[in-house]
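> Just to be clear, the model below is a prediction. Sequence and coordinates:
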Amino acid sequence: MTGTSHTIRAAHQLAPLMRAFRKQANISQAELAERLGISRQAITALERDPASATFERLMRVWAVLGLEVSLQPAIHDAPPSSLEW
């Protein structure tokens, strides 16, 4: 996954990516929770349903995992009705 960008068009796409990046960083849920000052159960919930997290919390998780967000204009290969957000 290193050096690869991932296009996210719906919140449910974040869950497997966040879990994979955490595992790639060799960080357990408990360690990530400790670094963020939250419970391991909160990390479990966040990985299961990232749409329920605040953007600020997601940004803090991504920072610990060494990730950043980049916004760019969409390539209109999918009709707008297929977008979740």
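Yep, that arrived. Keep in mind it's a predicted model, so treat the numbers as computed, not measured.

> If I look at Ala11, what pLDDT would I see?
On the pLDDT scale, Ala11 is placed at 85.

> Quick one: mean pLDDT for the host helix or strand of Ala42?
Here Ala42 sits within helix 40-48, counting by DSSP states H and E. In this model, helix 40-48 has a mean pLDDT of 95.

> in that helix, what counts as buried?
Across helix 40-48, burial judged by 16 or more other Cβ atoms under 10 Å covers 42-43, 46-47. The way it works is simple: take the backbone N, C-alpha and C, and place the C-beta from them, glycine included.

> name the helices or strands packed onto that helix?
Contact here means 3 or more Cβ pairs under 8 Å, 6 or more residues apart in numbering; DSSP states H and E; on that basis helix 40-48 packs against helix 14-24, helix 29-36, helix 55-64.

> In this protein, where is pLDDT below threshold?
1-2, 77-85 (pLDDT under 70).

> Tell me how far the helix holding Ala42 lies from the chain's centre.
Between the centre of helix 40-48 and the centre of its chain there are 11 Å (Cα atoms, centre = their mean, to the nearest Å).
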